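*Asks:* Structural data only, the sequence is not supplied:
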């Protein structure tokens with residue numbers, strides 16, 4: 001493999017990408033939210049801060065929002081949403097904005113948060129009012145909205161799905177599901193399909209379904225390994241491509257868990273949790289394990305042994321979990337009838353920082369090559385629509401089948417390859433195809449999102 005510039009010089013930047021040793025399983029208190037909340041959202045922004053929006057409070061549903069800064073450990077008020085909402089969804093878009101959609105009190109409206117101005121503005125609306133739905137960023141850069149409850153018309157929203165296009169700000173209807181679902185899970189698989197599971201409305205828990213964004217069609221896949229009495233409360237894509245689900249009964253907690261294998265479409269039983277849980281969160285840690293947490297305790301699932309480790313005591317009442325750029329996890333606010341403004345930080349045994357895109361200049365010009373010639377992309381040799389590029393970085397998980405998402409000028413690029421750069425230990429490579437419709441220029445922003453964390457930003461020349 002030939003390169004048009006001295007790639008080994010870039011390895012000087014690789015030495016900083018190692019795990020940071022921490023005390024294993026430690027939760028420490030951090031700053032308090034400015035408002036007590038439950039059923040809110042928390043989204044890691046491209047600038048490393050966490051946007052907390054809406055939720056319920058003593059006085060009703062909230063329109064207020066705040067930002068958590070991990071550098072200072074404090075929450076500060078930002079501008080409010082255009083509409084009060086709880087049980088809504090918040091989705092980080094490829095251009096760095098955040099889409100808020102639906103929620104209490106029976107909303108079809110949606111809005112966008114722009115971190116550059118710290119303001120909200122209306123978009124959408126959705127075709128159907130939704131509560132307890134899911135929102136999934138697809139590999140196309142669009143957002144899939146699925147299911148949910150519409151109290152005004154019974155469960156009609158539970159069968160339907162729609163797609164939000166950030167480029168147009170418009171929702172369009174897509175294929176419907178075979179079963180109505182409320183409070184279900186939605187997991188983007190390595191293939192680009194979305195696994196929809198759980199969310200029973202009445203009777204037995206329905207079989208899982210797959211959404212294919214290339215056809216806009218849902219199709220049935222396997223049923224739970226435990227029968228139809230249990231439904232998934234959390235779902236996490238594992239580095240090996242399987243999906244971990246923690247399960248609960250309709251009104252009771254359980255310690256059961258299972259794994260979904262997308263290669264066979266089958267669910268299999270896995271090790272049980274140390275405690276029965278109902279309302280809980282699941283966070284995929286960068287080193288490949290999953291932290292399951294509720295108000296009382298937390299524990300770690302290890303895919304290598306398909307089992308859970310001993311429980312870890314929580315030090316605060318924070319609930320909604322957000323993986324931060326440094327590999328730690330913020331848990332903040334309340335849930336499920338418990339209002340709280342407390343928050344804490346979980347520090348895993350190995351805190352892996354977010355991947356770093358490499359630069360070839362002090363101005364942030366990315367280490368990006370034309371795949372056809374292995375020459376550096378530059379203002380005199382810019383990238384063009386549809387061509388394949390090689391992007392160099394550090395920090396991808398070794399052996400993981402979960403692809404990164406690469407945005408150029410706010411548009412997601414097709415990922416052709418990702419993994420270790422051939423012949424260079426500790427250096428990663430992602431091959432992408434330049435998306436159509438980019439604005440040309442000598443310094444178009446390029447950013448990578450990996451395991452729910454945005455990388456640093458570099459620039460690329462586009463013709």
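*Replies:* That came through, no problem. The structure presented is a predicted model; accordingly, all values stated were derived computationally and were not measured.

*Asks:* For residue 228, see how far away the spatially most central residue of the chain is.
*Replies:* For the chain, residue 452 is the residue whose C-alpha lies nearest the centre (CA atoms, centre = their mean; 4.0 Å). Using CB to CB, to the nearest Å, residue 452 is found at 30 Å from residue 228. From N, CA and C alone the C-beta is placed, and that goes for glycine too.

*Asks:* what's the spacing between residue 280 and residue 167?
*Replies:* Distance of residue 280 to residue 167, given as CB to CB: 36 Å.

*Asks:* of those two, who's got more company?
*Replies:* residue 280 (23 against 13; other CB atoms under 10 Å).

*Asks:* my guess is that one meets residue 247, correct?
*Replies:* No: contact status for residue 280 versus residue 247: not in contact, 10.6 Å apart, counting by CB atoms under 8 Å.

*Asks:* any shared contact partners between those two?
*Replies:* Common contact partners of residue 280 and residue 247 (CB atoms under 8 Å, 6 or more residues apart in numbering): residue 233.

*Asks:* and residue 157, which of the three is it?
*Replies:* helix (DSSP: H, G, I helix; E, B strand; the rest coil).

*Asks:* Can you report how many residues lie near it?
*Replies:* Neighbours around residue 157, by other CB under 10 Å: 30.

*Asks:* Same check on residue 206?
*Replies:* When counting by other CB under 10 Å, one arrives at 23 neighbours for residue 206.

*Asks:* Quick check: closest non-adjacent residue to it.
*Replies:* residue 179 (3.5 Å; CB to CB, 6 or more residues apart in numbering).

*Asks:* Quick one: the strands in the stretch 351-463 of the chain, in order.
*Replies:* Secondary structure of the stretch 351-463 of the chain, counting by DSSP state E, counting those that start in this stretch: strands at 356-357, 368-370, 388-394, 405-408, 411-412, 414-420, 428-433, 441-450, 453-462.

*Asks:* Need those in a markdown table (columns: mean pLDDT, mean neighbour count and distance to residue 347).
*Replies:* Output for the strands of the stretch 351-463 of the chain, formatted as a markdown table (pLDDT from 0 to 100; neighbours: other CB atoms under 10 Å; distance: least, CB to CB, whole Å):
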| stretch | mean pLDDT | mean neighbour count | distance to residue 347 |
| --- | --- | --- | --- |
| strand 356-357 | 98 | 21 | 21 |
| strand 368-370 | 98 | 24 | 34 |
| strand 388-394 | 98 | 23 | 22 |
| strand 405-408 | 98 | 24 | 26 |
| strand 411-412 | 97 | 21 | 32 |
| strand 414-420 | 97 | 16 | 28 |
| strand 428-433 | 98 | 22 | 25 |
| strand 441-450 | 97 | 20 | 20 |
| strand 453-462 | 98 | 21 | 16 |
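
*Asks:* closest one to residue 142 among those?
*Replies:* Ranking these by proximity to residue 142 (CB to CB) places strand 411-412 first, at 8.9 Å.

*Asks:* Okay, now the sheet partners of that closest one, with direction.
*Replies:* Paired with strand 411-412 in the same sheet, following DSSP bridges, are strand 405-408 (antiparallel).

*Asks:* from the middle of its chain, how far away would the partner strand be?
*Replies:* Relative to its chain's centre, strand 405-408 lies at 14 Å (CA atoms, centre = their mean, to the nearest Å).

*Asks:* Contacts made by that strand with the rest, please.
*Replies:* With CB under 8 Å, 6+ apart as the criterion, strand 405-408 contacts 94-95, 137, 139, 141, 391, 412-413, 415, 430, 432, 434-435, 438, 444-450, 460, 462.

*Asks:* same thing with stretch 276-284?
*Replies:* Against stretch 276-284 from outside (CB under 8 Å, 6+ apart): 233-238, 244, 246, 248, 252-255, 290-295, 319-323, 329, 331, 335-336, 451-452.

*Asks:* Which of these are buried, as a PyMOL select command?
*Replies:* To isolate the buried ones among the contacts of stretch 276-284 in PyMOL, judged by 16 or more other CB atoms under 10 Å, type:
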select buried, resi 233+234+235+236+237+238+244+246+248+253+254+290+291+292+293+294+295+319+320+321+322+323+329+331+335+451
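
*Asks:* Give me the subset of the contacts of stretch 276-284 lying in helices.
*Replies:* Among these, none falls in helices (DSSP state H).

*Asks:* between the strands of the stretch 351-463 of the chain, which gets nearest to residue 175?
*Replies:* Smallest distance to residue 175 across these (CB to CB): 21.3 Å, for strand 411-412.

*Asks:* Please compute how far that closest one lies from its chain's middle.
*Replies:* 16 Å.

*Asks:* Between the two ends of stretch 106-113, how far is it?
*Replies:* By CA to CA, to the nearest Å, the extent of stretch 106-113 from end to end equals 20 Å.

*Asks:* Check which residues of that stretch are buried.
*Replies:* 107-113.

*Asks:* try stretch 162-176
*Replies:* 162-164, 166, 171, 174.

*Asks:* Looking at these, which are in strands?
*Replies:* 162-164, 171, 174 (DSSP state E).

*Asks:* So of the residues you listed, which two are at opposite extremes in space?
*Replies:* 164 and 174 (10.4 Å).

*Asks:* Residue 107 and residue 129 touch, don't they?
*Replies:* Yes: between residue 107 and residue 129 there is a contact under CB under 8 Å: 5.8 Å.

*Asks:* Give the residue spans of the stretch 151-300 of the chain that score low on pLDDT.
*Replies:* The model of the stretch 151-300 of the chain has pLDDT under 70 over residues 151-156.

*Asks:* Which parts of the stretch 101-250 of the chain are strands?
*Replies:* 110-114, 119-123, 134-137, 143-146, 161-165, 170-174, 185-188, 194-197, 209-212, 217-220, 231-237, 243-248.

*Asks:* can these go into a markdown table with extra columns for distance to residue 81?
*Replies:* What follows is the strands of the stretch 101-250 of the chain, written out as a markdown table (distance: least, CB to CB, whole Å):
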| stretch | distance to residue 81 |
| --- | --- |
| strand 110-114 | 6 |
| strand 119-123 | 5 |
| strand 134-137 | 15 |
| strand 143-146 | 17 |
| strand 161-165 | 17 |
| strand 170-174 | 18 |
| strand 185-188 | 23 |
| strand 194-197 | 26 |
| strand 209-212 | 28 |
| strand 217-220 | 31 |
| strand 231-237 | 26 |
| strand 243-248 | 30 |
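
*Asks:* Relative to residue 353, which of the ones you listed is closest?
*Replies:* strand 231-237 (20.4 Å).

*Asks:* Strand partners (parallel or antiparallel) of the closest one?
*Replies:* strand 243-248 (antiparallel).
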